[in-house]
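> Okay, here's the prediction I keep looking at, along with the sequence it came from:
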Amino acid sequence: MKAADGIKAPVSLSGALAILRDPAGTLKIDDIESRGRDIQFRPIPSMITEGYQKKGAIWIRFSLSAPTDFDQWLLQIERPLIEHVTLYASDGAGHFAAVPPSRFHLEAEDGADAYSAVFRVSIPSTPTDYYIRLQSSTSITTSLNIWQKTGYTKYIKVNDWIIGVVIGSIFAMIFANLLYYVWLRENLFIIYAALLLVSGLISIYHMGYSSDVLSFLEPEVVRRIWGIVVCLYSIFLILFLEKLFEFHRHSILAWRISQGVALLNVVALIFALAGHYGDVGFFVSRLQQISLIFVALFALHLLVFRREYQYLLSAVAFLSVICLLSVMQLQYTGFNPLRIDGSLARLLAAGTLIHLVLLSAAVAKRAQLAERNLSKEKDRVIAMARFAEQELTIKVQERTAELAESNASLKEEMDRRHLLELKLRQSLASVNDALARKQDFIALASHEFRAPLAVIAATADNLSFSVGKDASNLGLSVAKIRRAVKRMSMLIENILAGEQLTTGQMLSPGIEAFDLNEILYNAKAGLDDESARRVRFISGEDAMVNGDPNLLEIALQNLIQNALKYSPEDGLVTVDISINEEHVVIDVSDSGPGISIEDRDLIFQKYYRVAGQKAGGSGLGLYISREIAREHGGDLVLADSNQSGSTFRLSLPLERARADNSISDRPV
Ligand code: ADP
C-alpha cells in the first residue's frame with residue numbers, strides 16, 4: 001500500500017489472492033499456521049468465485065505491507081451471499097488471531113453487525129500474511145478491497161444516498177401499484193408490490209444495511225430473515241413473471257411449471273422459517289437461475305414466434321435484468337470485459353433500480369392496457385344496456401298494443417254478450433207474455449165455453465123432460481146432445497187440468513180431506529140415463545183421502561167415459577172402490593175390445609190415440625188422469641186387459657197414510 005491508496009478509490013485485492021479449499025470445513029487457523037508454507041494455496045487471477053460448498057469452507061491468503069505511520073486501513077469484503085467471514089491477522093507474537101469485525105458505519109456504537117463486512121487492519125511495513133475463512137450455502141463470490149478510513153466513510157455516505165434512492169423509489173412504486181390494484185383489481189399489481197418490498201429488503205442486505213435497518217432484532221434473527229427474504233423473493237418473482245407474461249393465456253404447461261416452481265420455493269420457505277435455509281439455499285439459487293432462463297425463453301418465444309408485441313416493454317425490462325445478472329455471473333467467473341471491479345453491492349443496487357424502473361414501466365403499460373380494456377368493456381356494457389333498454393321499450397310497446405287489441409276485442413265480446421243477454425231477456429219476456437196471454441185466453445175460452453154448454457145441457461134436460469117418454473126419437477137426439485156436451489165438457493176440463501199441471505198450480509187451492517165415495521156419487525149423478533143404466537157402482541167403506549175433489553172427479557170421469565166410449569153400446573161398466581192397507585183403489589172395468597200389448601204404455605202419453613179408433617177423442621184423458629193421480633201421491637195403471645174388457649186402476653193414499661208420507665210419494 002502507498003500512503004495515498006484507499007482514499008479516493010479502494011485498492012482491489014483481485015489478482016493478489018490465493019485460495020485453499022477445505023471441503024470438510026474442519027481446518028483451523030492453527031492447522032494452517034503450524035503447517036506454514038507447506039500448505040498449498042492456489043493463486044487466482046481475479047476476484048473469488050467459488051460457488052457453493054455445503055459444509056466446506058474457502059481459505060484465502062494474501063499479503064500486505066504499508067508505510068508504518070498509516071494504521072487506519074480497512075479491509076472491506078463485498079459479501080452479498082456469504083454467510084460466515086473470519087479474518088485472521090498476525091497478533092505480533094508470531095501467531096494468527098481472529099480480527100473482530102468493525103461496524104458497517106464506523107462511527108456507530110459498539111455491538112456486532114449481523115452482516116459485518118469491514119475489518120480494521122493494521123498493516124506493517126514488511127509484507128505480512130492474512131487469512132480469511134469464508135463459508136456460504138449458496139455462492140462465495142466476493143471482491144476484497146482495502147480502504148483508508150476517510151475514503152471508506154465517503155464511500156459509505158454515497159452508499160447511504162444510493163440506498164435512500166432505492167428504498168424511496170421502491171416505496172413510491174409500491175404505492176403506485178397498490179393504487180393500480182385498488183383501481184383495476186388485478187392481482188399482478190399486488191404481487192408486484194410484494195416483489196418490490198422484498199427487493200428492497202434484498203438491497204438492504206446486499207449493501208450491508210440490514211443491521212442498521214433491523215437493529216431492533218437479534219443478529220441471529222437478522223441472519224435467519226435473509227433466507228426467508230430470498231425464498232419470498234423467488235416466490236413473488238415467478239408469480240409476478242407468470243402474470244406479467246400471462247402464461248395461463250398462452251401455455252397451460254408453462255403456467256403449470258411456474259406454479260410448480262412457486263410451490264418448491266414455498267417448501268424452501270418452510271425450511272427458512274425453521275432456520276434451515278442453509279440446507280436448501282443452493283437449490284433455491286439454482287432454481288431461480290433455471291426459472292429465469294425459462295421465463296426469458298418464453299418471453300422470446302412470445303415476441304418472436306407468437307408476435308405478441310404487447311409484451312415488448314415487459315420483455316425488454318426483464319431481459320435487461322437477465323443481462324445484468326449475466327454480466328455479474330461473468331464477473332464472478334473472473335471474466336470481466338467491462339472492467340467492473342469495485343462495488344458489487346452498488347452494481348446490484350444499480351441493477352435493482354434499472355430493473356424496477358423498467359418493470360414498473362411495463363407494469364404501468366399493463367395498467368394502461370387494462371384501463372383501456374376496462375373502459376372498452378364499460379362502453380360495451382353501456383351499449384349493451386342501451387340496446388337491451390331499446391329492445392325492452394319495443395317489447396313493452398308491442399305488448400301494450402297487443403293488450404289494447406285484446407282489450408278492445410274483449411270489450412267487443414262483452415258488448416256482444418250484453419246485447420245477446422238483452423235479446424234473450426226480451427224474448428223471454430215476450431215468451432212469458434205469450435204464455436200469460438195463452439193462459440188468459442184459455443181461461444177466457446173455458447169460461448165462455450162452460451156457461452153456454454151448461455145452458456145447452458140444462459135445456460136438453462128440460463126438453464127431454466117436457467117432451468115425455470113417448471117421444472123416443474126426440475129423446476134419442478137429446479141423449480146425443482147430452483153426450484156431445486159431456487164430451488166437450490170433459491175436453492175443456494182436461495185442457496184446464498192440463499194447464500193447471502203445467503203451471504204448477506195443481507192442488508194448491510182445492511186441497512182438503514174428503515171421502516172418495518162422494519166423488520163416485522157425483523160421477524154417478526152426472527151420468528145421463530142411458531149411461532147410468534150401463535154403469536154399476538160398487539161402493540165400500542169410508543175412503544178418506546186428501547186432495548182436490550174436482551181434479552179427482554175429472555180423473556174418474558175420464559176413466560168412466562173411456563169405459564163407456566170403448567165398450568159396445570150396451571156393454572157394462574163396473575166402478576169398484578175398495579181399500580187395502582194404505583190405499584184407496586178404484587177399479588174401472590169395461591167390456592170393450594181390450595188394448596194391445598204394444599199400446600199399453602203408449603196410451604198414457606199426451607195426445608196418443610190407438611190407430612183406427614172410431615170414437616172421437618183428444619188423447620189427453622189418460623195422460624191427465626195419471627198426472628192427477630201421481631200429484632196426489634197415487635197412480636193410474638192398466639191393471640188388466642184382454643179381448644173381453646180392460647180394467648184401469650186408480651190408487652190414492654188413505655188420509656192416515658198420507659199423514660205419514662210426503663204428498664208426492666208414489667205408491668209401492
Ligand atoms: P181419448 O180422448 O182418445 O179417449 P184417452 O187418453 O182417454 O183419449 O185414451 C187414449 C186411448 O186409449 C184411446 O184413444 C183409446 O184408444 C184407448 N182407450 C182408453 N180407454 C180405453 C178403454 N177403456 N178400452 C179400450 N181402449 C181404451
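Arrived safely, thanks for sending. The model shown is predicted, which means the values in this text are computed figures rather than measured ones.
> other SSEs contacting the biggest helix by length in the chain?
Using DSSP state H, we find that the single longest helix of the chain is helix 344-467. With contacts defined as 3 or more C-beta pairs under 8 Å, 6 or more residues apart in numbering; DSSP states H and E, helix 344-467 has these neighbours: helix 149-184, helix 187-206, helix 219-244, helix 312-332, helix 472-503. Backbone N, C-alpha and C define where each C-beta goes, glycine included.
> In a markdown table: those, plus distance to the ligand and mean neighbour count.
Compiled in a markdown table, the helices and strands packed on helix 344-467 are given as follows (distance: least, C-beta to the nearest ligand atom, whole Å; neighbours: other C-beta atoms under 10 Å):
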| stretch | distance to the ligand | mean neighbour count |
| --- | --- | --- |
| helix 149-184 | 107 | 16 |
| helix 187-206 | 108 | 22 |
| helix 219-244 | 111 | 21 |
| helix 312-332 | 118 | 17 |
| helix 472-503 | 8 | 17 |
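> mind checking which of those helices is nearest Glu413?
helix 472-503 (36.9 Å; C-beta to C-beta).
> thinking again about what came up before, dump the helices and strands packed on helix 344-467 to a markdown table, plus mean pLDDT and distance to Val381.
What follows is the helices and strands packed on helix 344-467, written out as a markdown table (pLDDT from 0 to 100; distance: least, C-beta to C-beta, whole Å):
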| stretch | mean pLDDT | distance to Val381 |
| --- | --- | --- |
| helix 149-184 | 88 | 16 |
| helix 187-206 | 87 | 22 |
| helix 219-244 | 89 | 25 |
| helix 312-332 | 73 | 28 |
| helix 472-503 | 74 | 81 |
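> Include distance to Leu17 when you put the ones you listed into TSV, please.
Below are those laid out as TSV (distance: least, C-beta to C-beta, whole Å):
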stretch	distance to Leu17
helix 149-184	20
helix 187-206	22
helix 219-244	25
helix 312-332	14
helix 472-503	143
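> so which of these comes closest to Phe41?
Of the helices and strands packed on helix 344-467, the one closest to Phe41 (C-beta to C-beta) turns out to be helix 312-332, at 20.1 Å.
> re earlier: okay, the angle between the longest helix of the chain and helix 149-184?
Angle between the axes of helix 344-467 and helix 149-184 is 10 degrees (criterion: axes from the mean of the first three to the mean of the last three C-alpha atoms, to 10 degrees).
> tell me the angle helix 344-467 makes with helix 472-503.
Using the same axes, to 10 degrees: helix 344-467 against helix 472-503 is 160 degrees.
> distance between helix 344-467 and the chain's centre?
Taking C-alpha atoms, centre = their mean, to the nearest Å, one finds the center of helix 344-467 at 30 Å from the center of the full chain.
> Same question for stretch 584-592.
Counting by C-alpha atoms, centre = their mean, stretch 584-592 comes out at 87 Å from the chain centroid.
> Does it reach the ligand?
Yes. Using C-beta under 6 Å from any ligand atom, stretch 584-592 comes into contact with the ligand via Asp590, Gly592.
> average pLDDT across that stretch?
For stretch 584-592, mean pLDDT is 95.
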